[in-house]
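>>> structure for this input, please:
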Amino acid sequence: MKLKNIILSTLLGASIFLPNNSFSKNLEYSKKIRNMNYEEVIKEIKTPKEATKYLTEFLSYKTDKEQYGEKNIYLSFKHIHKNEIDDCNGGALTAAALLSDDGYEPLVLTMLEKGGEKPNPSMGHIIFIYKKENKWGTLGINPSDCQEPKYSSIEEIVQRYNFITYFIKNIKEEYPDYIDNDINMRQKLLDTGQPIKTSNEKTLEEKFFGFGIK
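Residues are numbered from 1 along each chain as shown. Below is the predicted model:
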């Protein structure tokens, strides 16, 4: 029974990916960034490494439900920078905005669990992805989301998070003004369409439920 609880806890923990709050905030850096407007910050930050610093040392994590009283709020970078706080979708959008003038496509990867016959948006995670020298790197609100290019495929990233399905959006194609608009962009950014199912589903079943545990 104890082993079963450990396995289920591991599975649930891998699905949620709450931020690691052990990263200490650099007060001097935060003050410098706070004195810039969103356009100045975009010009200031040039590399994924610098974007990682912004994400981990300036932004703080809070769920949409805690901050706005409802789920799935997708604000522009202008508002995220002003609020200094957001969740995983805001982290992904922030990374896209920060690198928007540095040759990186604004690609966000949404990973979902399977819920019944359809993917379950309530159990998911969103990160920014970028490609360099044929390898994929990632950025996001959680420090562990910020990985240098080392993944050979998108599926490898999804498997690392132990999710089942995923879809990729180019934010600029959905909302050309995603950096500075004043709307909630969830309508298009949360539309899963036909998400891709990874081979991870079978792997997870074998990993967590293949030990004869009932």
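>>> in space, not sequence, find me the middle residue of this protein.
Taking Cα atoms, centre = their mean, the centroid of the chain lies closest to Ile127, which sits 2.5 Å from it.
>>> part of a strand, is it?
Yes. Secondary structure of Ile127 (DSSP: H, G, I helix; E, B strand; the rest coil): part of a strand.
>>> so it versus Met36, what's the distance?
Per Cβ to Cβ, to the nearest Å, Ile127 is found 24 Å from Met36. Quick note: C-beta positions are derived from backbone N, CA and C, even for glycine.
>>> can you get me a residue count around the residue lying closest to the residue nearest to the centre of the chain once chain neighbours are set aside?
Of all residues not flanking Ile127 in the chain, Gly140 sits nearest, at 3.9 Å (Cβ to Cβ, 6 or more residues apart in numbering). Gly140 has 28 neighbouring residues, counting by other Cβ atoms under 10 Å.
>>> now do Gly140 against Leu59, distance only.
Look at Gly140 and Leu59: by Cβ to Cβ, they are 10 Å apart.
>>> shared neighbours of those two, which are they?
Gly91 (Cβ atoms under 8 Å, 6 or more residues apart in numbering).
>>> follow-up on the earlier one: beta partners for the residue nearest to the centre of the chain?
Beta-bridge partners for Ile127, by DSSP bridges, are Leu109.
>>> I'd like the average pLDDT over the helix or strand hosting Ile42.
Here Ile42 sits within helix 38-44, counting by DSSP states H and E. Mean per-residue pLDDT for helix 38-44: 98.
>>> list the buried residues of that helix.
Of the residues in helix 38-44, Tyr38, Val41, Ile42 count as buried by neighbour count, 16 or more other Cβ atoms under 10 Å.
>>> any weak-confidence spans in this protein?
1-25, 114-122, 199-214 (pLDDT under 70).
>>> 80 - rerun?
Applying pLDDT under 80 to the chain picks out residues 1-26, 114-123, 192-195, 198-214.
>>> could you pull out the strands for it?
60-61, 85-86, 107-115, 118-132, 135-139, 147-151, 165-170, 196-197 (DSSP state E).
>>> how far away from the center of its chain is the fifth one?
Looking back up the chat, that one is strand 135-139. 12 Å (Cα atoms, centre = their mean, to the nearest Å).
>>> which other helices and strands does it contact?
helix 48-57, helix 88-98, strand 118-132, strand 147-151, helix 154-160 (3 or more Cβ pairs under 8 Å, 6 or more residues apart in numbering; DSSP states H and E).
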